[in-house]
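> Everything below, folded, please.
(one chain, ligands or ions: 2)
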Amino acid sequence: MSENAQRDMVHEIVMSAQITDMHTHLFPPSFKSLQMSGADNVLTYHYLIAESMRVGRISYESFFSMDLKAQAEFIWERLFQTITPLSEAASGVAQIAQMMGVHLRRDGLSGLREALTADADDAYVDKVLSLAGVEHLVMTNDPFSDEEQSYWKSGAPLHPRFHAALRLDPLVNTFEDVIPLLVKQGYSVTSRLTDETVSQVRRFLEDCVERIHPLYVAFSASDTFEFGEEDSGSQLLRRVVLPLCEERRLPLALMIGAKRRVNPGLQSAGDSTGKASIQPVERLCREYPNNKFLVSLLSRENQHELAVTARKFDNLMPFGCWWFLNTESLIDEITRMRLELLGPTFVAQHSDARVLEHVLYKWQLSRKVIADVLSDKYEALSKRGWPVTRADVERDVAALFGKNFWDFVAR
Ligand code: FIX
Ligand code: ZN
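Numbering: from 1, shown residues only. Ligands and ions are numbered 1, 2, ... in the order given. Okay, the predicted model is just below:
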């Protein structure tokens, strides 16, 4: 097969692959107040809020006092009229428009508002996810959100493409703050991690697992995360979360390096990144060989050591090019590094989409970049004397975009 024909074949297979998007913040239409879609939600993505603040001056209070429509119009004016939408998130809006049949430069924000809807039903969700090639997606489910729990407790139907993940940031990072929430829900816990408190937290987590049937359990942590001895988070991991995950064969997803609210005025747009230590990841994988760890690190500087650590522990599954790494140049760099060190044995990407239509641009970009990287690697392999077949490419792409994840979460 010629090099060009091989590249065309790889691109065709990647661009048509059915994807499992294993980390998103999306909700199905039945979770009404939590489901986000439509032009104004697309434009007021916290990535774009942060970027729009760099164009001209406005106080954070003035911006956040505006309603959603006015915020969207502000961002439209700043990022699409005053400057060129060259950033990944801004050009992604043009990509969403194009895939939804809108010529954004000609039709403008009004054209986008007509083509997208904030009042999504299952048919609209299926249309957008099918356009993006997302067959399955995993939500981020917060057991401490009364709003979200009301949908679970009311038996709100779960769209068949949507799956759950149990997110435990407050329990692991700010246990003191969740004590009143747990007590209110009937779990007699105190700030001292007595055996009673430990058993009550365990009962809480078991009730959550029974209610939402998560594919995995997750928490994010800052760049200073240590799997220490004394802090309540580490003790709860040791005494409750890790034993539960092992017994239920649930992976624990570690998302490390998120420095929350470095600029509090920007609210959710105010989070940043920091290089974390890889040692807690090594310790968890080594000391808990019967647990499985999905790991994503937020700092570019952590990516090489994460890939090397995955060579040392087969209970570690690296995933995605998270958040500030979800850009053309860094998806390329990270995917190349992972293929060179791990072969096709990792989860290539997740979207982290918060608004339904985000999946359109995020996956279009990742498919294109990863197809280019894979084409280069197959070409190099062929030149080294290993001819590559269509079946090879189909198998590897299926693994990178879904099967590695499903095999890892299998119980
Ligand atoms: O912790 C997380 O799940 C992060 O992905 C989010 O907090 C973040 O706001 C995000 O959506 C990044 O893409
Ligand atoms: Zn996320």
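> From now on I want contacts and neighbour counts done on CA atoms only, so please keep to that.
OK.
> Now do the residue of the stretch 201-350 of the chain found nearest ligand 1, the pLDDT please.
Among the residues of the stretch 201-350 of the chain, Trp323 lies closest to ligand 1, at 4.0 Å counting by Cα to the nearest ligand atom. On pLDDT, Trp323 comes in at 98.
> okay, now it: neighbour count?
Around Trp323 there are 18 other residues, counting by other Cα atoms under 10 Å.
> contacting residues for it?
Residues counted as contacts of Trp323 (Cα atoms under 8 Å, 6 or more residues apart in numbering) are Leu298, Asp352.
> now with 10 Å?
Trp323 makes contact with Tyr47, Ala258, Ser272, Thr273, Leu297, Leu298, Ser299, His350, Ser351, Asp352, Ala353, according to Cα atoms under 10 Å, 6 or more residues apart in numbering.
> Is it correct that the fourth one is in contact with Arg300?
Yes - look at Thr273 against Arg300 with Cα atoms under 10 Å: they come within range, at 9.1 Å.
> show me what contacts the residue in the stretch 51-200 of the chain that ligand 1 sits nearest to?
For the stretch 51-200 of the chain, the residue closest to ligand 1 is Thr140, as judged by Cα to the nearest ligand atom, at 7.3 Å. Thr140 sits next to 22-27, 163-168, 214, 217-219, 352, 354 when contact means Cα under 10 Å, 6+ apart.
> ranking the contacts of Trp323 by neighbours, who comes first?
Result: Leu297 is most packed of the contacts of Trp323 (other Cα under 10 Å), 31 neighbours.
> That one touches Met317, doesn't it?
No - Leu297 lies out of contact with Met317 (Cα under 10 Å); the separation is 11.7 Å.
> how about the residues of the stretch 51-200 of the chain near ligand 1?
Nowhere does the stretch 51-200 of the chain come near ligand 1, counting by Cα under 6 Å from any ligand atom.
> Can you show me the helices along the stretch 51-200 of the chain?
60-65, 68-76, 88-99, 104-115, 122-132, 146-153, 169-173, 175-184, 195-212 (DSSP state H, counting those that start in this stretch).
> Grab the longest helix from this protein for me.
helix 358-383 (DSSP state H).
> So for it, mean pLDDT?
98.
> Now do the helix or strand following that helix: distance to the chain's middle.
Following helix 358-383 in sequence order, the next helix or strand is helix 390-398 (DSSP states H and E). With Cα atoms, centre = their mean, to the nearest Å as the basis, helix 390-398 stands 24 Å off its chain's centre.
> Next, the buried residues of helix 390-398.
Val393, Asp396, Val397, Ala398 (16 or more other Cα atoms under 10 Å).
> before we move on, back to that, and for Leu297 and Met317, which residues touch both?
Taking Cα under 10 Å, 6+ apart as the criterion, Leu297 and Met317 both touch Leu306.
> picking up where we left off before, ok, which of the contacts of Trp323 also contact ligand 1?
Among the contacts of Trp323, ligand 1 is touched by Asp352 when using Cα under 6 Å from any ligand atom.
> count of neighbours near Arg311?
So Arg311, with other Cα under 10 Å, has 14 neighbours.
> export stretch 18-34 as CSV, just CAs?
As requested, C-alpha coordinates have been extracted for stretch 18-34 and formatted as CSV (Å, rounded to 0.1, in the frame of the first residue of the first chain):
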residue,chain,number,x,y,z
GLN,A,18,-17.4,5.5,17.3
ILE,A,19,-16.1,7.0,20.5
THR,A,20,-16.6,6.5,24.2
ASP,A,21,-16.1,10.0,25.8
MET,A,22,-15.1,8.8,29.2
HIS,A,23,-15.0,12.2,31.1
THR,A,24,-17.6,14.9,30.5
HIS,A,25,-19.8,17.3,32.6
LEU,A,26,-22.8,16.6,30.4
PHE,A,27,-26.3,15.6,31.6
PRO,A,28,-29.2,14.1,29.8
PRO,A,29,-32.4,16.1,29.0
SER,A,30,-34.2,14.4,31.9
PHE,A,31,-31.8,16.2,34.3
LYS,A,32,-33.4,19.4,33.1
SER,A,33,-31.7,22.2,35.2
LEU,A,34,-28.3,20.6,34.8
